[in-house]
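Trainee: generate a structure from the sequence data that follows.
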Amino acid sequence: MRNLFLTVILSAITVACAETEQSTNASAPSVESATVQDLVDTAERIENSTGWFEILKLPNDVYALWEPGHVEKVNSFFVLGSDRDLLYDTGMGIARISQAIDDLRKQENLPTKPIIVVNSHNHLDHNGGNQEFAEIWTVNEPWAIRRLTSGVRGGEEGGFVSYWSQLRDHDGVEPPADFSPDTHAIPPYPEDQIRFLDDNEKVDLGDRQFAVIRTFSHSPDGIALYGAQENLFFGGDTFYGPEYLITDINLLAADLKRIETLPIEWHYASHGAQLITAMQQGKHLAAVSRMINGEGETGSTTFAGFEIPMQQLDGVAVVVAPELLLY
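Mentor: Residues are numbered from 1 along each chain as shown. Okay, the predicted model is just below:
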C-alpha cells in the first residue's frame, strides 16, 4: 500500500507540470498554447449516464473520457476509425467506461464498431475498466502480465483504501452510489484474453493507423501511440515533462531520444489537461543527458515521510522512484 499511495502523490505533481507545459514543439508547427487551452475549455461536453465521466469532444475525432472526481484526474481516449475504434486506457474502474462509450455513441449518432482496447501501461488508474472488454492489448512483458492477471484487491486486505478515498469536488461529477473506497477492487484479467503489441507495430483503425512506440522509463510496459497522418500523439504517463516520474534516468533518456524528432502537433495527455501543445522533447533530452553526466542539482523530495531522489537542471526535474512505480 505504501508504494502505491506515494505513486498517487507523485503523479499529481506530474499532472501539475503537464498542465503548465504549454510551449511550442521545436520539431513541428504546433497549435498555439492559448488556442489549445481554449479548445479544452470550450470543448463540447457529451452527456452520459455514469455520473462519473466527463466526456470532452476534442479535435481529430478524439473524445476524452475524463475522471476529474479523483485526484488522479485520469483521461482515457476514444478514437474513431472507419473500421474500428480505439480506446486508449480504461480508467480507474470506479464507473463503467463501456457505459460511457455506449452513451457517447448514442449522443453523437456514432455507429457501433469493434473496439481495440490498448493499455498505455498497467498502473491501476489506467486499466481499472479492463474487465468490461473481451480483449486487451498490452506488451509481452512479465510485469504487465502479472499486474493484469493479479488485479488489485480491495479493502484493508489489499491496502488501497487511502488511494480510492482521494476523491475531489468537480461540478456535475460524483462516484456511483455503490462505490466505496473500503471495498473497491480491480478484478484479475484472464490471461487468455490478453493480446500483445510489438514496437513499431501499427494499430489499424481502417482509415487511420497508429504506430506503437515502446517506452520503459515510467514502467516497463509503456505504449505510446503516434498517428503520422495528423501528427497525433498519445504518450501515456511517460512524457509529462518538465518533471518526470521514472524508474531509471537512462531509460528516460532513451525514451526521449525515440521521440525527439517526431512532428507532434496534438499531444493527448493521460492526466489533467486533455491537450497540451508540445513536450519540448529536444530541450528535455538535452537536460536529462547532462544530468546523466553529473550536471545539475542532486537532492531529494519528501512524500509521506519518505525521501525520494530528485535531479534538477534547466527547469527539468527527474524523480527516480522504481520502488513506487513497480509495485
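Trainee: so for residue 213, what's the pLDDT?
Mentor: Per-residue pLDDT puts residue 213 at 98.
Trainee: cool, and residue 248?
Mentor: pLDDT recorded at residue 248 is 96.
Trainee: can you count the residues close to it?
Mentor: The number of residues packed near residue 248 is 14, by other CB atoms under 10 Å. C-beta coordinates here come from the backbone N, C-alpha and C atoms, glycine included.
Trainee: with adjacent residues omitted, what lies nearest to it?
Mentor: Spatial nearest neighbour of residue 248, chain neighbours left out: residue 217 (6.3 Å); criterion: CB to CB, 6 or more residues apart in numbering.
Trainee: any idea how far that neighbour is from residue 326?
Mentor: 12 Å (CB to CB, to the nearest Å).
Trainee: and stretch 99-113, how far from the chain's centre?
Mentor: Centre-to-centre, stretch 99-113 and its host chain are 22 Å apart (CA atoms, centre = their mean, to the nearest Å).
Trainee: which residues are contacting it?
Mentor: Under the contact criterion CB atoms under 8 Å, 6 or more residues apart in numbering, stretch 99-113 has outside partners 46-50, 52-53, 55, 57, 63, 65, 78, 80-81, 83-85, 87, 115.
Trainee: ok, now with 7 Å
Mentor: With contact meaning CB atoms under 7 Å, 6 or more residues apart in numbering, stretch 99-113 is reached by 46-50, 53, 55, 63, 65, 78, 80, 83-85.
Trainee: ok, and the most crowded of those?
Mentor: In terms of neighbours by other CB under 10 Å, these top out with residue 65 at 29 neighbours.
Trainee: by contact count, what packs against the helix or strand that contains it?
Mentor: In the assignment (DSSP states H and E), residue 65 maps to strand 62-67. Contacts defined by 3 or more CB pairs under 7 Å, 6 or more residues apart in numbering; DSSP states H and E place strand 62-67 against strand 54-58, strand 74-79, helix 97-108.
Trainee: now the last one and strand 54-58, what's the angle there?
Mentor: The one in question is helix 97-108. Helix 97-108 and strand 54-58 are oriented at 50 degrees to each other (axes from the mean of the first three to the mean of the last three CA atoms, to 10 degrees).
Trainee: what comes up buried for helix 97-108?
Mentor: Buried positions in helix 97-108, judged by neighbour count with 16 or more other CB atoms under 10 Å: 97-101, 103-105.
Trainee: in PDB, list the C-alpha atoms belonging to that helix.
Mentor: Extracted in PDB, the C-alpha atoms of helix 97-108 (Å, rounded to 0.1, in the frame of the first residue of the first chain):
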ATOM      1  CA  ILE A  97     -16.300   3.100 -19.000                       C
ATOM      2  CA  SER A  98     -18.100   0.900 -21.500                       C
ATOM      3  CA  GLN A  99     -21.400   2.500 -20.500                       C
ATOM      4  CA  ALA A 100     -19.900   6.000 -21.100                       C
ATOM      5  CA  ILE A 101     -18.900   4.800 -24.600                       C
ATOM      6  CA  ASP A 102     -22.400   3.400 -25.300                       C
ATOM      7  CA  ASP A 103     -23.900   6.800 -24.200                       C
ATOM      8  CA  LEU A 104     -21.300   8.700 -26.300                       C
ATOM      9  CA  ARG A 105     -22.200   6.700 -29.400                       C
ATOM     10  CA  LYS A 106     -25.900   7.300 -28.900                       C
ATOM     11  CA  GLN A 107     -25.500  11.100 -28.200                       C
ATOM     12  CA  GLU A 108     -23.200  11.500 -31.200                       C
END
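Trainee: sticking with the residue lying closest to residue 302 once chain neighbours are set aside, tell me its helix or strand.
Mentor: Spatially, and ignoring its direct neighbours in sequence, residue 302 is nearest to residue 308 (7.4 Å; CB to CB, 6+ apart). For residue 308, the host element (DSSP H and E) is strand 306-313.
Trainee: quick one, strands of the stretch 201-327 of the chain?
Mentor: With DSSP state E, counting those that start in this stretch as the criterion, the stretch 201-327 of the chain has strands at 202-204, 209-215, 222-227, 232-234, 243-246, 266-268, 275-276, 297-303, 306-313, 316-320.
Trainee: would TSV of these with distance to residue 147 and mean neighbour count be doable?
Mentor: Output for the strands of the stretch 201-327 of the chain, formatted as TSV (distance: least, CB to CB, whole Å; neighbours: other CB atoms under 10 Å):
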stretch	distance to residue 147	mean neighbour count
strand 202-204	21	16
strand 209-215	16	20
strand 222-227	13	23
strand 232-234	20	24
strand 243-246	17	24
strand 266-268	23	23
strand 275-276	27	26
strand 297-303	22	13
strand 306-313	22	16
strand 316-320	21	22
